[in-house]
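Q: What follows is a protein structure lacking sequence information:
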């Protein structure tokens, strides 16, 4: 691979045992091994420091998840009991089947993301990568959408031990509902999710008007999209939103979920992206030079997911990778072209320009209320609300900031 000067200190969360555990997830069998093997085949491990993950303890997972959920998951995991009547109350069943050892899997993923976050807290690295993480749907007391533990939330909470404002950016095909829900009432974490939003499409949340609650009002940003979006338009939308997010929130640390189910060729048949487009989005936020935790997520064409995350690993390291897939254990999975590139399909883009402009305009308007809302709180804290209220020329702005 063509090498550029290394600029970033990158931690790669990995152990053979961790990959083996993640390979058991029934929805993406052996995906963790495929991703790691391709990254290794391109020689990228030589340019990163391996951080060996630990399994999260119940106490660590209980920073977000309820004791009752964790205890139930542990109980049924020991014998793979799929018939426990309580399981449905905890979201365990169709999307999140109960298999023997599922608690160990959840603890492994949670611990790996915590290990990555800790490596950033120790200031040994600028970027930490856990491609087997990013399970953003899990709620505090419920598994959801193949997600048994919300490692993204655990990672954010760990970073919050040092950093006052943490930004979460989610470019998975599906709305990052579990992370948004976890922080919907706080102004310390801003969540940004670009995703498909369509009637009947899981999880059904993440509309433009979902902006957070209470003290967290305006700190949730949702960018709902239709099928068929390609790299150029996605990048333009991403940068327009993120420029405003950075200006208004001024984050001190970043967690980014990079689900690869947006790729052309994914069985979800929705977006029409390539690793190049997602890589440009990643580079845009990396230039902020914040402590950054990168996570995986969805991605159900396993070869394309490995292509995507290997390309992104190269992008983080400043490496241009050869188009030809190197020989390795899973080489035959990349036929018939055996190329790293993913070509967009001829599927039409259902996103109307006028609508997307309106989406960006609305988001910018919402974010502008952050400054006004903070000013309002400061005014109230000084007991001058009645005096200052009259100085607001825009009554509509005042009423919205109050809410």
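A: Received it, and whenever you're ready, just let me know what you need. Note that the structure is a prediction, hence the values are computed from the model and not measured.
Q: drop to CA atoms for contacts and neighbour counts, all remaining ones
A: Noted.
Q: Identify the single longest helix in this protein, thanks.
A: Criterion DSSP state H: the longest helix present in the chain is helix 353-381.
Q: which of the residues in that helix are buried?
A: Neighbour-count burial for helix 353-381, with 16 or more other Cα atoms under 10 Å as criterion, is recorded at 356, 359-360, 363-364, 366-370, 372-373, 376, 379.
Q: One more: stretch 62-82?
A: Buried residues in stretch 62-82, counted by 16+ other Cα under 10 Å: 62, 64-65, 67, 69-70, 73-74, 76-77, 80, 82.
Q: Which residue ranges of the stretch 151-300 of the chain form strands?
A: 166-170, 189-196, 220-225, 253-257, 292-295 (DSSP state E, counting those that start in this stretch).
Q: quick one, what contacts the residue positioned nearest the centre of the chain?
A: Residue closest to the average C-alpha location in the chain (Cα atoms, centre = their mean): residue 257, at 2.0 Å. Residues near residue 257 by Cα atoms under 8 Å, 6 or more residues apart in numbering: 134, 152, 168-172, 294-297.
Q: quick one: which of the residues you listed is nearest residue 126?
A: Of all these, residue 294 has the smallest distance to residue 126: 10.9 Å, by Cα to Cα.
Q: Now for the closest one, how many residues are close by?
A: By the criterion of other Cα atoms under 10 Å, residue 294 has 25 neighbours.
Q: OK, contacts around it?
A: Residues near residue 294 by Cα under 8 Å, 6+ apart: 127-131, 255-258.
Q: Adding distance to residue 120 and pLDDT, write those residues out as a markdown table.
A: Listed next are these as a markdown table, based on distance: Cα to Cα, whole Å; pLDDT from 0 to 100:
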| residue | distance to residue 120 | pLDDT |
| --- | --- | --- |
| 127 | 7 | 98 |
| 128 | 7 | 98 |
| 129 | 11 | 99 |
| 130 | 13 | 98 |
| 131 | 16 | 98 |
| 255 | 11 | 98 |
| 256 | 14 | 98 |
| 257 | 16 | 98 |
| 258 | 18 | 98 |
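Q: which one of those has the most neighbours?
A: Of all the contacts of residue 294, the most densely surrounded is residue 128 (29 neighbours; neighbours counted as other Cα under 10 Å).
Q: who touches the host helix or strand of that residue?
A: Assigned by DSSP states H and E, residue 128 belongs to strand 127-130. The contact list for strand 127-130, computed with Cα under 8 Å, 6+ apart, reads 8-14, 112-113, 116-117, 119-120, 291-296.
Q: One more pass at 10 Å, please.
A: The contact list for strand 127-130 (Cα atoms under 10 Å, 6 or more residues apart in numbering) reads 8-14, 48-51, 53, 109, 112-120, 254-257, 286, 289-297, 313, 316-317.
Q: Out of those residues, which sit inside helices?
A: Per DSSP H, the subset of the contacts of strand 127-130 in helices is 109, 112-120, 286, 313, 316-317.
Q: export those residues to JSON lines and tack on distance to residue 214?
A: Shown next, in JSON lines, are these (distance: Cα to Cα, whole Å):
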{"residue": "109", "distance to residue 214": "31"}
{"residue": "112", "distance to residue 214": "32"}
{"residue": "113", "distance to residue 214": "29"}
{"residue": "114", "distance to residue 214": "28"}
{"residue": "115", "distance to residue 214": "32"}
{"residue": "116", "distance to residue 214": "31"}
{"residue": "117", "distance to residue 214": "28"}
{"residue": "118", "distance to residue 214": "30"}
{"residue": "119", "distance to residue 214": "32"}
{"residue": "120", "distance to residue 214": "30"}
{"residue": "286", "distance to residue 214": "30"}
{"residue": "313", "distance to residue 214": "38"}
{"residue": "316", "distance to residue 214": "36"}
{"residue": "317", "distance to residue 214": "40"}
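Q: Of those, which is the nearest to residue 234?
A: residue 286 (17.3 Å).
Q: list the contacts for the closest one?
A: With Cα under 10 Å, 6+ apart, residue 286 has these contacts: 8, 126-127, 254, 280, 292, 316.
Q: Can you tell me, leaving aside adjacent residues, what's nearest to residue 30?
A: residue 23 (4.2 Å; Cα to Cα, 6 or more residues apart in numbering).
Q: Model confidence for the one you found, exactly?
A: Residue 23 is assigned a pLDDT of 97 by the prediction.
Q: wouldn't it be in contact with residue 102 here?
A: No: using Cα atoms under 10 Å, residue 23 is not in contact with residue 102; the gap is 11.7 Å.
Q: Which one's more surrounded, those two?
A: More crowded of residue 23 and residue 102, by other Cα under 10 Å: residue 102, with 23 against 19.
Q: which residues does the closest residue in space to that one that isn't next to it in sequence contact?
A: Nearest residue to residue 102, sequence neighbours excluded (Cα to Cα, 6+ apart): residue 77, at 5.4 Å. Residues near residue 77 by Cα under 10 Å, 6+ apart: 71, 98-105.
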